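Asker: compute the structure for the input listed below.
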Amino acid sequence: MSDISNVTPIRRAADAVRDKVGPEPGLTDLVSRLTGDAKDVARAEIALQKAKVGEAVGRYRNAAIFFAVAGVLALAGLIALLVGLIETLATLMGPGLATLVVVGGVFLIAGVLALIGKNRLTPRVDA
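Answerer: Modelled structure (predicted):
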């Protein structure tokens, strides 16, 4: 037969451990913890995506600023080149005619480039 005197200290020890651990959570507690954890993960993921987007927007903004400055400087260089060309031709044919020749040439080049661009926009019909 088993000794009943040994059961009581074991039971007391088990009760002491159970008291320290606490009661097991119920299904409702587990579901609410899971829901809270899922919300925390979702918030963290949204914050991460916002940070990534913010960093990308900052990079593109900086690149756009550099492109704009480069475009302005290139335009200034082109204007200086055209003025120099007018000044050079003015010694040969007069300032009015030199201006007319240079501006006419620039408009001719711009027109050709516009026609090429327009032709690239229209769809081709292959037979």
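Asker: switch to C-alpha atoms for all contacts and neighbour counts from now on
Answerer: Fine.
Asker: what packs against the helix ranked longest in the chain?
Answerer: Across the chain, the helix with the greatest residue count (assigned by DSSP state H) is helix 27-93. The contact analysis (3 or more C-alpha pairs under 8 Å, 6 or more residues apart in numbering; DSSP states H and E) places helix 27-93 against helix 95-121.
Asker: okay, buried residues for the helix it packs on please.
Answerer: Going by neighbour count (16 or more other C-alpha atoms under 10 Å), the buried part of helix 95-121 is 98-99, 101-102.
Asker: just give me the closest of those to residue 33.
Answerer: Lowest distance from residue 33 to the buried residues of helix 95-121 (C-alpha to C-alpha) belongs to residue 102, with 77.1 Å.
Asker: what sits against the nearest residue to the closest one once chain neighbours are set aside?
Answerer: Leaving aside its sequence neighbours, residue 102 sits nearest to residue 86 (C-alpha to C-alpha, 6 or more residues apart in numbering; 6.4 Å). The contact partners of residue 86, taken as C-alpha atoms under 8 Å, 6 or more residues apart in numbering, are 95, 98-99, 102.
Asker: roughly how far apart are residue 86 and residue 72?
Answerer: 21 Å (C-alpha to C-alpha, to the nearest Å).
Asker: residue nearest the middle of the protein, spatially speaking?
Answerer: Nearest to the mean C-alpha position of the chain, by C-alpha atoms, centre = their mean, lies residue 56 at 3.3 Å.
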